[in-house]
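K.L.:
requesting a structural model of the entry that follows:
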Amino acid sequence: MKKEYKQFNKPQDEFESKLLDLTRVTRVTAGGKQLRFRAIIVVGDRKGKIGLGVSKGLDVSQAIEKATRTAKKNLMDVPVNKEGTIDHEVEAKFGPSVILLKPQKSGRGLVAGGTVRTLCQLAGIQNISSKILSRTSNKLNNAKATIKAFELLAKQI
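P.N.:
Next up is the predicted model:
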């Protein structure tokens, strides 16, 4: 007699994740150098939800998995209007990083570079203009400044 097992389909993850940065980090101790990997992951559903996760691990896959879990815990809502843009201009600062986000007309597209572009894509913003006003190219600080700008937008609505 053959046993039948029900197959449970795992629900498809509605979030898309992108790796922003992966760096090797060393800590020097009395016993020698300790090598770890730091992953910065952005998670979004392209419908107004976005999260940022940063984590370290002994190998690359462990760091990425931990950062993804952290990003899913830190989800926030981004106010995106019907035209696929933000309601008003906003400027945010995190550490040395300063980010300026401006709304654009429908059809203009995503005029942003680097980390800001990735965050806006995963948040579902199609028409926006952005500028990194600071000289820093640190991806983590730029990402956190963009998240702070999104939080300012959410607060003012």
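K.L.:
so who does the closest residue to residue 68 other than its chain neighbours touch?
P.N.:
Sequence neighbours aside, residue 41 is the residue nearest to residue 68 in space, at 5.1 Å (criterion: Cβ to Cβ, 6 or more residues apart in numbering). Bear in mind the C-beta positions are built from the backbone N, C-alpha and C, glycine included. Listed by Cβ atoms under 8 Å, 6 or more residues apart in numbering, the contact set of residue 41 reads 17-20, 52-54, 64, 67-68, 70-71.
K.L.:
so the most centrally placed residue in the chain is in which element?
P.N.:
Nearest to the geometric centre of the chain sits residue 42, at 2.9 Å (Cα atoms, centre = their mean). Per DSSP states H and E, residue 42 falls inside strand 32-44.
K.L.:
where does the prediction get shaky in this structure?
P.N.:
Scanning the chain for pLDDT under 70 picks out 1-13.
K.L.:
so for the lengthiest helix in it, what gets flagged as buried?
P.N.:
In the chain, with assignment by DSSP state H, the single longest helix is helix 139-156. Residues of helix 139-156 classed as buried: 139-150, 153 (neighbour count, 16 or more other Cβ atoms under 10 Å).
K.L.:
for residue 117, grab the count of nearby residues.
P.N.:
Using other Cβ atoms under 10 Å, residue 117 has 16 other residues around it.
K.L.:
pretty sure it is in a helix, no?
P.N.:
Yes: per DSSP: H, G, I helix; E, B strand; the rest coil, residue 117 lies within a helix segment.
K.L.:
show me where this structure has its strands.
P.N.:
Ranges of strands in the chain, per DSSP state E, are 16-29, 32-44, 49-57, 76-77, 90-94, 97-103, 110-111, 128-132.
K.L.:
buried residues, the third one. List them.
P.N.:
If you call a residue buried by 16+ other Cβ under 10 Å, then strand 49-57 has these buried ones: 49-55, 57.
K.L.:
send the alpha carbons of it over as CSV?
P.N.:
Taking C-alpha atoms only, strand 49-57 is exported to CSV below (Å, rounded to 0.1, in the frame of the first residue of the first chain):
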residue,chain,number,x,y,z
LYS,A,49,7.4,48.9,1.0
ILE,A,50,11.1,48.9,1.5
GLY,A,51,13.7,47.7,4.1
LEU,A,52,17.4,47.9,4.6
GLY,A,53,19.5,45.2,6.3
VAL,A,54,23.2,45.2,7.3
SER,A,55,24.8,42.1,8.8
LYS,A,56,28.1,40.3,9.1
GLY,A,57,28.9,36.6,8.8
